[in-house]
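Q: would you be able to build a 3D model of this:
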Amino acid sequence: MDFTTIRCEREGPLFWITLNRPDKLNAISQTMVAELNRALDEGERDEQVRVILVKGEGRAFSAGFDLEPGAADDLTREEEVAALRKELRDDFDLIMRFWDSPKPTIAAVHGYCLGGAFELAIACDLTIAARGCRLGEPEVKFGSGIVALLLPFLCGTKRARELLYTGNDRVTPEQAEAWGLVNRVTDPETLVHEARGLAREIARNDQLAVRLTKHALNSACEIPRMREALEHALEVDVKIESTETEESRQFNDILKKKGARAAIAWRDARLG
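A: Residues are numbered from 1 along each chain as shown. Presented below is the predicted three-dimensional model:
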């Protein structure tokens, strides 16, 4: 399959997806969203594939969803919100595909794993992190919301509140492992080897038993209304992203002209 933002490779029973925009720290653009969906279609359709793995090229797993320019000036407010809702829905659906995939999914993360990329990584069945990487959810720093609010279901509401209210983007792999968000922590040079070994261990087992066990585990999480809560949180995110304030206008203006560091410094300076 021809891709511009990802690479795919089948290695026996393993299907590797590599995020491949290293010059952008593998930020997830809308093109990448579409290509990841195509790749997942391929991996799920191939009967020889037993485990799907996702990793990043270059210095990072991914810095999160791409901060692309806003809607065109000629759109009405209703059209702007509709376009934003569709984009966030596409992002949400992509993250949840890794959760919903009938085949086990593994994320191997290194460097930066932030925002929507962090949500994608923890939506995978298993997550392996390289020592020294940075994980977290900085969305509130940018006046944004959470696309897939999985955290409270995976690490508890108290920890989730702390992470999300502060916009913590410096969570260490060791902290994430202690909080139940990461399965294993390994050295950067052995990250792919560790992921491959774990995937092959799963692939050796009865495929139907693994698939139905995954279905049972997902159902155990979702029966207490997790899915409804996630859908509600997505609607809240649409509201956050589509509501403009004087603060957000100034922040976004500085963000576009001078970059994220200057915009965050401006906000911090306002607090004294």
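
Q: can you tell me how far the residue nearest to Gln207 when sequence neighbours are not counted is from Asp253?
A: Leaving out its chain neighbours, the residue that sits closest to Gln207 by Cβ to Cβ, 6 or more residues apart in numbering is Arg50, at 5.8 Å. Just so you know, the C-beta spots here come from the backbone N, C-alpha and C atoms, and that holds for glycine as well. To Asp253, Arg50 is 49 Å away according to Cβ to Cβ, to the nearest Å.

Q: my guess is Phe92 contacts Ile146. True?
A: No: with contact defined as Cβ atoms under 8 Å, Phe92 does not reach Ile146; the gap is 9.9 Å.

Q: where exactly do the strands run in the stretch 51-200 of the chain?
A: 51-56, 105-109, 112-114, 126-130, 134-136, 184-186 (DSSP state E, counting those that start in this stretch).

Q: and the contacts of the last one?
A: Around strand 184-186, the neighbours that count as contacts under Cβ atoms under 8 Å, 6 or more residues apart in numbering are Ile128, Ala129, Ala130, Arg131, Pro173, Glu174, Glu177, Glu194, Leu198.

Q: who does it pair up with?
A: According to DSSP bridges, strand 184-186 forms sheet pairs with strand 126-130 (parallel).

Q: got the angle for the strand it pairs with vs strand 51-56?
A: 30 degrees (axes from the mean of the first three to the mean of the last three Cα atoms, to 10 degrees).

Q: begin at 402 from now on, thanks
A: Taking 402 as the first residue, the last one we looked at is strand 527-531.

Q: which residues does strand 527-531 contact?
A: By Cβ under 8 Å, 6+ apart, the list of residues contacting strand 527-531 from outside reads 505-512, 514, 522, 536, 574, 577-578, 582-589, 592, 595-596, 599.

Q: how many neighbours does Arg486 have?
A: Counted with other Cβ atoms under 10 Å, residues neighbouring Arg486 total 16.

Q: separation between it and Ser643?
A: In terms of Cβ to Cβ, Arg486 sits 8 Å off from Ser643.

Q: and Glu445, by the same measure?
A: 33 Å.

Q: just Gln608 next, same as before
A: For Gln608 relative to Ser643 (Cβ to Cβ), the value is 43 Å.

Q: where does the stretch 552-673 of the chain dip in pLDDT?
A: 624-625, 672-673 (pLDDT under 70).
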